[in-house]
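> sequence and predicted model, in that order:
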Amino acid sequence: MNKIVMLDIAFQYGDEFKILNPVVLISEKDTVLVDCGYMGFLPLLEEAMLREGIDPSSLTKVVITHHDDDHVGALYELKEKYPNIEVVSSEIESDYIEQSKKSLRLIQAEEMLNEMPEDEKEFGRQFCESLKKIMPVDVDIKVKDGEYFDWAGGCRIIATPGHMPGHISLYLEESNSVVTGDAAVVEDGELVVANPHFTLDLEKAEESLRKLKDIKADTYYCYHGGAI
């Protein structure tokens, strides 16, 4: 019954063609989605799950690894349609998901906007506006490093700060695998730190990447880059 399913969500982002890889953890009691994409992604999520034989209405929980818009953007619409889903995140990230604190990404984007060349400012303004449109959602379960759940045969929470201060990853014991969020991405067949320009503490991010590599998992499921 225990199963890990990686979804492939292909979409157009401006002039670019991109793919995101959320993961679904299936066990007897729970069907857990890890991260949910941008605002407006609910139909794409549902299509991707149905392709894999997963009924979206069977979801019991959604884990948000951190509050970036490509990970949390669709959370509000997901909860609106499936209100029984419980939202899971770290305590630190919950403040930003619930919007009791201002998004760190928005703060960074507004600071960068002031320094951008004039011909890039329109893009910067649009990015800030898109971040402001993300709707707050209550977090039902606030987790900490080392906490254990029985998802997909046993899941341990790993604190992986750096990209964001409250970022979490998941270690899945039965399959000896890791769901990395943005603590690691795949580039040229290697696990690396996610885009340094969007990493708030590069030193901590590099420590977190080393921590994940030291696990020596058989599979790393990366939101950007897929499984390796």
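All right, it came through fine. Residues are numbered from 1 along each chain as shown.
> name the residues of the helix or strand of the chain with the lowest mean pLDDT that are buried.
When the helices and strands of the chain are scored by mean pLDDT, DSSP states H and E, helix 121-132 comes last with a mean of 84. Along helix 121-132, these residues count as buried under the neighbour rule (16 or more other Cβ atoms under 10 Å): 124, 127-128, 131. (Each C-beta comes from the backbone N, C-alpha and C, glycine too.)
> which residues of this protein fall in helices?
Ranges of helices within the chain are 42-51, 69-72, 75-81, 91-97, 104-115, 121-132, 202-214, based on DSSP state H.
> same list (these) but as a markdown table, adding distance to residue 162.
Output for the helices of the chain, formatted as a markdown table (distance: least, Cβ to Cβ, whole Å):
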| stretch | distance to residue 162 |
| --- | --- |
| helix 42-51 | 26 |
| helix 69-72 | 15 |
| helix 75-81 | 22 |
| helix 91-97 | 12 |
| helix 104-115 | 12 |
| helix 121-132 | 20 |
| helix 202-214 | 3 |
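> in stretch 57-74, which residues are buried?
By 16+ other Cβ under 10 Å, the buried positions in stretch 57-74 come out as 59, 61-74.
> ok, back up a step: I'd like the buried residues of helix 121-132 laid out as JSON lines, including distance to residue 219.
Formatted as JSON lines, the entries for those read as follows, by distance: Cβ to Cβ, whole Å:
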{"residue": "124", "distance to residue 219": "37"}
{"residue": "127", "distance to residue 219": "33"}
{"residue": "128", "distance to residue 219": "36"}
{"residue": "131", "distance to residue 219": "32"}
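> for the nearest residue to residue 93 once chain neighbours are set aside, give its distance to residue 30.
For residue 93, ignoring the flanking residues on the chain, the nearest one in space by Cβ to Cβ, 6 or more residues apart in numbering is residue 166 at 3.7 Å. Plainly put, residue 166 is 22 Å away from residue 30 if you go by Cβ to Cβ, to the nearest Å.
> if you count surrounding residues, which of the two has more?
With other Cβ atoms under 10 Å as the criterion, residue 166 and residue 30 differ in neighbour count, and residue 166 comes out ahead with 24 against 17.
> rewinding a little: weakest of the helices of the chain by average pLDDT?
Taking each of those in turn, the one with the lowest mean pLDDT is helix 121-132, at a mean of 84.
> relative to helix 104-115, how tilted is it?
Between the axes of helix 121-132 and helix 104-115, defined by axes from the mean of the first three to the mean of the last three Cα atoms, to 10 degrees, the angle is 160 degrees.
> for the remainder of this discussion, apply numbering that starts at 23.
That works, and once the first residue is 23, the last one we named lands at helix 143-154.
> distance from the chain centre to helix 143-154, please.
Helix 143-154 has its C-alpha centroid displaced from the chain centroid by 21 Å (Cα atoms, centre = their mean, to the nearest Å).
> list the contacts of it.
Taking contacts as Cβ atoms under 8 Å, 6 or more residues apart in numbering, the residues outside helix 143-154 that touch it are 61, 91, 125, 127-128, 131-132, 134-135, 138.
> can you pick the most crowded of the residues you listed?
Within the contacts of helix 143-154, residue 125 tops the neighbour count with 22 neighbours, counted by other Cβ under 10 Å.
> does residue 201 really touch residue 182, like I thought?
No: under the criterion of Cβ atoms under 8 Å, residue 201 makes no contact with residue 182, lying 10.5 Å away.
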